[in-house]
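Q: I need the structure of the sequence given here:
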Amino acid sequence: MSTVVFLHGTGVREPGFSALVDRVTAGLTALRDGQRIVPFYWGGTHGAKLAAGGASLPPSQGTARGPAGPEADGADTAAWAVLYDDPYAELALAAVGTESAVERPPGSVPPQQRMRHRLAALAAQGDAPAAELGPGLAGAATELAAHPLLGPASEALGAEDLAALAARSLTASVIGGLLDSDAPVAPSGDLRDAVTERLGEALGAPPRGTERGLGTLLLRAAGSAASRAAVRRRRPLTEAAHPVAGDVLRYLSRGEPLRADLRTLLAGCEPPVTLIGHSLGGIIALDTLVTTPLPQVRLLVTVGSQGPFLYESGSLPSLLHPEPLPAHVPHWLNLYDRRDLLSYLGAPFFPGRVDDRCVDNRQPFPAAHSAYWTNPDVYRCIAKHLP
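A: Numbering: from 1, shown residues only. Reported below is the predicted structural model:
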């Protein structure tokens with residue numbers, strides 16, 4: 001009788017682990033008789049825990065920040081997050097409030113035309129008026145001046161509110177581009193607000209123009225509830241999420257006791273042994289086999305695992321790129337799903353030693369990362385390679 005040792009991934013704890021083992025056992029034994037499934041539950045002993053009950057978490061209620069208090073400040077932050085993602089979101093909200101076209105006296109200049117002239121004059125100055133934020137102001141001003149929603153928004157807002165809105169849009173466009181470029185430094189909220197007020201004045205808003213505008217009030221109303229809820233629920237959210245990130249960090253910094261326990265388990269297993277590891281479990285299995293010759297293990301199976309990525313990035317504890325895979329490591333079957341953003345290829349680094357097989361869990365990420373064990377193709381692929 002051959003042995004299959006199964007290692008779970010990050011964040012798995014009881015009773016979920018036992019249910020997962022039952023599913024894996026049923027999937028493999030239905031296709032291949034004579035397999036003894038041995039679970040290795042490392043999460044209970046070696047998994048991450050909040051040892052002091054979450055004492056590192058800030059309190060959910062803090063001292064008010066400024067006259068408006070922390071809730072208003074959080075809503076403001078939520079509104080800016082929307083604008084970084086779409087600098088024209090507030091413009092669109094303002095345009096929604098446009099009523100029927102207003103008749104104007106002959107010879108009068110439409111408000112959008114005045115704003116377009118001011119935006120063109122601002123663009124002519126290049127990026128200098130917002131130099132503290134980084135490049136992109138001139139291009140953002142040119143694009144905003146040509147935006148089709150500028151006209152409808154100008155009909156819904158007064159000239160001062162439109163100027164303040166345009167300033168927020170320009171600032172968000174510049175900072176959003178900065179964030180998309182993975183720049184190592186982002187401006188503080190105070191710097192952002194100072195530049196926005198300066199741009200607003202250049203476009204016709206009075207001082208403190210950043211606090212004006214119908215659209216920003218709508219954005220804040222939409223964002224404030226979510227912002228407050230997130231702060232209030234930080235503890236339960238952290239307690240729910242910390243095993244996933246904590247397991248990875250704990251293993252990478254203190255992984256040897258875990259590998260030692262796995263070696264002890266494998267020493268008592270009847271050969272031939274297949275070692276199956278999902279996600280972080282695959283990294284643990286790979287590290288253990290690299291560091292210690294274990295001849296009873298004839299097959300390594302990693303499923304949705306990050307071992308190849310850690311190797312390429314110089315983060316795999318047992319092997320540093322471009323060191324070769326030791327000869328004593330058994331054949332390696334690596335299953336991945338193109339939609340699983342936490343799965344990687346091993347064959348480009350170890351040709352002839354790793355068999356990368358693509359499976360389709362037909363789920364978007366992150367569901368794709370945990371859907372392997374309900375995919376019959378996964379079990380069929382593993383069963384074909386079992387010794």
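
Q: can you pull the buried residues of stretch 278-298?
A: 278-290, 292, 294, 297-298 (16 or more other C-beta atoms under 10 Å). All C-beta spots, glycine's among them, are computed from the backbone N, C-alpha and C.

Q: so of those residues, which ones are in helices?
A: Leu280, Gly281, Gly282, Ile283, Ile284, Ala285, Leu286, Asp287, Thr288, Leu289, Val290 (DSSP state H).

Q: and the second one, what does it touch?
A: When you say that, I think you mean Gly281. With contact set as C-beta atoms under 8 Å, 6 or more residues apart in numbering, Gly281 has these partners: Phe6, Leu7, His8, Gly9, Phe40, Trp42, Ser305.

Q: burial of the fourth one, as a residue count?
A: If you count neighbours by other C-beta atoms under 10 Å, Gly9 ends up with 26.

Q: one more: the third one?
A: Look at His8: counted by other C-beta under 10 Å, it has 26 neighbours.

Q: so what's it up against?
A: Applying C-beta under 8 Å, 6+ apart, the residues near His8 are Phe17, Leu20, Phe40, Tyr41, Trp42, Gly43, His278, Gly281.

Q: who wins for most neighbours among those residues?
A: Neighbour counts for the contacts of His8 (other C-beta under 10 Å) peak at Gly281, which has 28 neighbours.

Q: which non-adjacent residue is nearest that residue?
A: Spatial nearest neighbour of Gly281, excluding adjacent residues (C-beta to C-beta, 6 or more residues apart in numbering): Leu7 at 3.2 Å.

Q: what bridges to the one you found?
A: When bridges are called by DSSP bridges, Leu7 pairs up with Phe40, Gly277.

Q: that one touches Ile283, doesn't it?
A: No - using C-beta atoms under 8 Å, Leu7 is not in contact with Ile283; the gap is 9.3 Å.

Q: what's the spacing between stretch 159-177 and its chain's center?
A: Averaging C-alpha positions (C-alpha atoms, centre = their mean, to the nearest Å) puts stretch 159-177 27 Å from its chain's average.

Q: for the record, mean pLDDT for it?
A: Mean pLDDT, stretch 159-177: 92.

Q: just the buried residues of it, please?
A: So stretch 159-177, judged by 16+ other C-beta under 10 Å, has buried residues 160-177.

Q: ok, now stretch 318-330?
A: Residues Ser318, Leu319, Leu325, Val329, Pro330 are the ones in stretch 318-330 that count as buried (16+ other C-beta under 10 Å).

Q: contacting residues for the second one?
A: For Leu319, the contacting residues are Val290, Tyr311, Leu325, taking C-beta under 8 Å, 6+ apart as the criterion.

Q: make TSV out of the residues you listed and add pLDDT and distance to Ser188.
A: Listed next are those as TSV, based on pLDDT from 0 to 100; distance: C-beta to C-beta, whole Å:
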residue	pLDDT	distance to Ser188
Val290	97	45
Tyr311	96	38
Leu325	97	47
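
Q: turn these into CSV, including distance to Phe349.
A: Converted to CSV, the contacts of Leu319 look like this (distance: C-beta to C-beta, whole Å):
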residue, distance to Phe349
Val290, 13
Tyr311, 6
Leu325, 8
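
Q: between the residues you listed, which is nearest Glu270?
A: Using C-beta to C-beta, Val290 comes nearest to Glu270 of the contacts of Leu319, at 23.1 Å.

Q: residues contacting the closest one?
A: Applying C-beta under 8 Å, 6+ apart, the residues near Val290 are Ser318, Leu319, Leu325, Pro326, Val329.

Q: now, which of the residues you listed sits nearest Asp86?
A: For the contacts of Val290, the nearest to Asp86 is Leu319 (43.4 Å; C-beta to C-beta).

Q: returning to what we had before: what is in contact with Leu7 and Ile283 at once?
A: Common neighbours of Leu7 and Ile283 (C-beta under 8 Å, 6+ apart) are Gly277.

Q: in the protein, which helix or strand is least confident?
A: Least confident helix or strand of the chain, by mean pLDDT, DSSP states H and E, is helix 214-232 with a mean of 50.

Q: contacts for stretch 30-37?
A: 1-4, 6, 21, 24-25, 28-29, 270, 379-380, 383, 386.

Q: mean confidence score for it?
A: pLDDT averaged over stretch 30-37 gives 91.

Q: same question for stretch 114-121.
A: In this model, stretch 114-121 has an average pLDDT of 95.

Q: the spatially closest residue to Phe350 that is not a sequence neighbour sits in which helix or strand?
A: In this structure, Phe350 finds its nearest non-sequential neighbour in Leu325, 4.6 Å apart by C-beta to C-beta, 6+ apart. Assigned by DSSP states H and E, Leu325 belongs to neither a helix nor a strand.

Q: how about Leu325, what does it touch?
A: Val290, Leu319, Trp332, Phe349, Phe350, Arg353, Val354.

Q: okay, strands next: where are they in this protein?
A: Along the chain, counting by DSSP state E, strands occupy 2-7, 35-40, 273-278, 297-303, 331-336, 354-358.

Q: wait, which of those strands is closest to Glu143?
A: strand 331-336 (39.6 Å).

Q: just to revisit the earlier point, now the contacts of Val290 as JSON lines including distance to Asp193?
A: Below are the contacts of Val290 laid out as JSON lines (distance: C-beta to C-beta, whole Å):
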{"residue": "Ser318", "distance to Asp193": "49"}
{"residue": "Leu319", "distance to Asp193": "49"}
{"residue": "Leu325", "distance to Asp193": "54"}
{"residue": "Pro326", "distance to Asp193": "57"}
{"residue": "Val329", "distance to Asp193": "56"}
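
Q: ok, so of the residues you listed, who is nearest Gly139?
A: Leu319 (45.5 Å).

Q: could I get the pLDDT score of that closest one?
A: pLDDT, Leu319: 96.
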